[in-house]
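>>> Pasting a predicted model and its sequence here:
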Amino acid sequence: MITATTGAEPAPSLTGSVNAALAFFVDCVVNLFILAAVLRSTFDFPEAVVFGSIVPGCAVAIFAGNLLLDGYARLLVKRGHADTLTTIPIGLDIATTFAMVFLVLGPVYVANRDALGSIAAAELAWEVGIAVTLWIALIKLLFSFAGDAIQRVLPTGAAMGTLAGIALAWMGAEAVLGIFALPEIGLLALGVMIFALMAGHPLPLKIPGALAAIGLGTLLFYGIALSGLNDAYQLPTMEPLGMAVPQLMVGAVIASVTEHVAYLGVALPLSLLSSIGCINIVRSALLVGDGYQTRPVLQIDAAATALGALFGGVVQTTGYLGHATYKRMGARRSYTLVTGSIVLVCSLVGAIGFSASAIPDAVLKSILIVVAADIVRVSFVAVESRNAPSFLFALIPAVFALCYSKVEVLFNRGAAALGELGSNLSLVLGAEYMDTYLLLGALSRGYILTSMLWGTLVALVIDRRMLAAAAVAGLCALFSLIGLIHSIAPSSAMYLPWSLADYGAAAPLPWRFSLAYLLLTLLFLALARVRSASSVSAVAP
């Protein structure tokens, strides 16, 4: 497909390609830093598994995606597209990073650490993460054949509200909490980010904002740590440089995929969000004259995610919106392939681990605020004011998930600290608190899919599409009964209705949720008939 460009084409230049490659490299590396930092700081994940297995596998996904997309761009040029075509960059999906850490890797690790030991529990969590990532790849491949139709069905408020909820909870509130753990350096780095990246003001000597924030915050950290002025600032143990070769794990992955089908509630919405994101990137590329087709881009994205999983990656890839910016810089092809190759080499020799261990978490988390602000800004622009309620309902489940993640850790550690009395902690806290605790846990599990369903349902009601709203409410009734949303299992797993008795005091919740959604379905069906009858009477002679 060849598309004529509008306006003047930026001239290709080596400088433009180098600048684009550097900017894209920073994006890729920062996402790897964030993945490692959250695993280590929040769950105390063993560095041997993080930097020896997870990071190299994710780097393979980045390299594979950019290799394939660069090849696709070159194929389009051979088929007659203008030589000004710029390759779409592909990297780790930041929303998936947080979802996988807090919904899969972290919970599995914590649940098995005492019984298996730190390393074995981390390897088990890694295996589950690989299986879920492969599920994501398979679902994205299916979505590639109906990408445009999916985007038409899912209302903008539901899609953008789900993304904004993730940004608000995990990239916003969680990051601010991390920044204030070391406020002297965290706020300083955040201030630079706000000035240079959020407000768009140039820094002296045209220093990149992210580089300036990381450099200034890190220098101040080591200055305070070396001076001994504050005991909270301790010199980190540097991750040593060394080879970390990703292993091809075809047999283990295939064996574990069917075993972990219960995590479809995590895989499905993440696949959907990434697919919609890729569709939007292809459409934005068309606006600047690059005639990509949606299906090949989605299929390449799915292939990159699958290859990453086969080599140990636990985060899906996605196309980056930086494509239009890099095109304006004058970049064309090869810049993404060069960047992907350097990222892979850095992960193999341990440079990613060394750098991530050297940079304080409070500094790195300031970058998340910038990403969150950008997601929320785009969401506000994309959603019409009349659909604001659907946007709000899509936000709420992420708030539940963040709150429960903090309460759960406190509850579990309190029970463990009390020893034999731990089993009686629920009696100490009281029945009312435990009911709220169980309810909050259920509403937080599968929250990404819940966000989409709630946002879609409200948007359909706003548009007076009551039969469609009834269908979505019916899906909620089914999904809540089997744990695809509102799971009562601590692992967020799915289950069959006749096995609910195994979950003790929480067992009635799925039945109550399902009944409530069924009543909502009947209400919407009745309202659809009322509207139909009133419409007929209005036009009758």
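Here it is on my side, so go on. Numbers count the residues shown, from 1 in each chain.
>>> Just say helix, strand or coil for L484.
At L484 the chain is in coil, as set by DSSP: H, G, I helix; E, B strand; the rest coil.
>>> Where is the longest helix in this structure?
helix 508-539 (DSSP state H).
>>> Now do it: which elements does it pack against?
helix 431-444, helix 466-482 (3 or more Cβ pairs under 8 Å, 6 or more residues apart in numbering; DSSP states H and E). In short, each C-beta sits where N, CA and C put it, glycine included.
>>> quick one: which of those helices is nearest Q293?
helix 466-482 (29.2 Å; Cβ to Cβ).
>>> What average pLDDT does the closest one get?
Average pLDDT, helix 466-482: 94.
>>> Can I get it in PDB, CA atoms only?
This file holds the C-alpha atoms of helix 466-482, laid out as PDB (Å, rounded to 0.1, in the frame of the first residue of the first chain):
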ATOM      1  CA  MET A 466     -29.100  -1.500  25.700                       C
ATOM      2  CA  LEU A 467     -29.000  -4.900  24.000                       C
ATOM      3  CA  ALA A 468     -25.300  -4.700  23.700                       C
ATOM      4  CA  ALA A 469     -25.000  -3.500  27.300                       C
ATOM      5  CA  ALA A 470     -27.100  -6.500  28.400                       C
ATOM      6  CA  ALA A 471     -24.700  -8.800  26.500                       C
ATOM      7  CA  VAL A 472     -21.700  -7.300  28.300                       C
ATOM      8  CA  ALA A 473     -23.400  -7.600  31.600                       C
ATOM      9  CA  GLY A 474     -24.100 -11.200  30.800                       C
ATOM     10  CA  LEU A 475     -20.400 -11.800  30.000                       C
ATOM     11  CA  CYS A 476     -19.500 -10.200  33.400                       C
ATOM     12  CA  ALA A 477     -21.900 -12.700  35.100                       C
ATOM     13  CA  LEU A 478     -20.200 -15.700  33.400                       C
ATOM     14  CA  PHE A 479     -16.600 -14.300  33.900                       C
ATOM     15  CA  SER A 480     -17.200 -13.600  37.600                       C
ATOM     16  CA  LEU A 481     -18.500 -17.100  38.200                       C
ATOM     17  CA  ILE A 482     -15.400 -18.800  36.800                       C
END
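>>> can you list contacts of stretch 338-353?
Contact partners of stretch 338-353, identified using Cβ atoms under 8 Å, 6 or more residues apart in numbering, comprise 21, 24-25, 28-29, 32-33, 36, 47, 50-51, 55-56, 58-60, 62-67, 89, 239-246.
>>> Let me see the contact set for W511.
L481, P497, L500.
>>> so how many other residues sit close to the second one?
By the measure other Cβ atoms under 10 Å, the count of residues near P497 is 11.
>>> pretty sure it is touching L481, no?
Yes. If you go by Cβ atoms under 8 Å, P497 and L481 touch, sitting 5.6 Å apart.
>>> Give me the common contacts of those two.
Going by Cβ under 8 Å, 6+ apart, residues that sit against P497 and also against L481 are P510, W511.
>>> State the distance from the most centrally placed residue in the chain to Y503.
In the chain, the centroid-proximal residue (Cα atoms, centre = their mean) is A95; its distance is 1.5 Å. Distance, A95 to Y503, by Cβ to Cβ, to the nearest Å: 29 Å.
>>> Over to A125?
Counting by Cβ to Cβ - A125 and Y503 are separated by 22 Å.
>>> and the residue nearest to the residue nearest to the centre of the chain when sequence neighbours are not counted, how many neighbours?
Distances taken as Cβ to Cβ, 6 or more residues apart in numbering put I166 closest to A95, at 4.7 Å, once the chain neighbours are dropped. Using other Cβ under 10 Å, I166 is surrounded by 29 other residues.
>>> what's the answer for A213, then?
With other Cβ under 10 Å as criterion, A213 counts 27.
>>> give me every residue that touches it.
Contacts of A213 by Cβ under 8 Å, 6+ apart are A189, L190, V192, M193, A196, V363, S366, I367.
>>> give me that answer again for 10 Å
Each residue near A213 by Cβ atoms under 10 Å, 6 or more residues apart in numbering is listed here: 188-197, 203, 207, 363-364, 366-367, 370.
>>> Would you list the buried entries among these?
188-190, 192-197, 363-364, 366-367, 370 (16 or more other Cβ atoms under 10 Å).
>>> got any ranges where the protein has weak pLDDT?
Along the chain, segments meeting pLDDT under 70 span 1-16, 147-148, 151, 238-243, 250-255, 413-430, 531-541.
>>> which residue sits closest to I150, ignoring its sequence neighbours?
Spatially, and ignoring its direct neighbours in sequence, I150 is nearest to F143 (6.0 Å; Cβ to Cβ, 6+ apart).
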